[in-house]
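[1] this one's structure only:
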């Protein structure tokens with residue numbers, strides 16, 4: 001059974017949204033496109049906007065999901081978040097960049113989710 005990366009990514013993003021909602025966050029947007037890349041999930045945690053990058057793996061062949069967020073990806077995340085804040089005129093709002101690692105088992109069911117808060121810093 002060969003599943004394409006987009007399907008695995010969509011499964012991971014849906015699992016991440018369920019996890020966030022269950023933990024009290026409100027989903028504001030999914031797959032928000034910017035000139036710097038796509039923001040997988042934008043959520044609201046009380047008064048703070050959370051920009052989330054979701055990384056999903058169905059095996060350990062390429063390492064842990066969170067390992068895929070390198071310096072280049074982190075830079076794109078910062079630029080994308082700042083673009084969103086500017087275009088929605090929310091530049092004074094409190095915000096952070098998180099990474100959610102989703103592991104799927106061999107049947108593509110959620111095997112584990114880990115949220116790394118403030119995983120990327122704009123400083």
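    Okay, I see it. From a predicted model like this one, the values you see are computed outputs, not experimental measurements. Residues are numbered from 1 along each chain as shown.

[2] Which parts of the chain are helices?
    Along the chain, counting by DSSP state H, helices occupy 5-22, 71-87.

[3] In the last one, which residues are buried?
    Right, the one you point to is helix 71-87. Using 16 or more other Cβ atoms under 10 Å as the test for burial, helix 71-87 gives 74, 76-78, 80-85. Every residue, glycine included, has its C-beta placed from N, CA and C.

[4] pLDDT below threshold where in the protein?
    1-2, 62, 106-111, 122-123 (pLDDT under 70).

[5] so what's the residue most central in space within it bridging to?
    With distances taken as Cα atoms, centre = their mean, residue 53 lies nearest the centre of the chain, 2.1 Å away. Taking DSSP bridges, one finds residue 99 as the beta-bridge partners of residue 53.

[6] wouldn't it be in contact with residue 101 here?
    No: checked against Cβ atoms under 8 Å, the pair residue 53 and residue 101 is beyond contact range at 9.7 Å.

[7] coming back round to it: mind putting the helices of the chain in CSV, distance to residue 64 included?
    Output for the helices of the chain, formatted as CSV (distance: least, Cβ to Cβ, whole Å):
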stretch, distance to residue 64
helix 5-22, 13
helix 71-87, 14
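
[8] Which residues are in contact with residue 48?
    By Cβ atoms under 8 Å, 6 or more residues apart in numbering, the residues touching residue 48 are 93-96.

[9] do that again at 7 Å, thanks
    Neighbouring residues of residue 48 by Cβ atoms under 7 Å, 6 or more residues apart in numbering: 94-96.

[10] And it, how close does it get to residue 117?
    Residue 48 is 10 Å from residue 117, where distance means Cβ to Cβ, to the nearest Å.

[11] so what's in contact with these two at the same time?
    Joint contacts of residue 48 and residue 117 (Cβ under 7 Å, 6+ apart) are residue 96.

[12] The closest residue to residue 29 other than its chain neighbours and residue 120: what is the separation?
    Leaving aside its chain neighbours, residue 29 sits nearest to residue 42 (4.3 Å; criterion: Cβ to Cβ, 6 or more residues apart in numbering). Residue 42 sits 14 Å away from residue 120, going by Cβ to Cβ.
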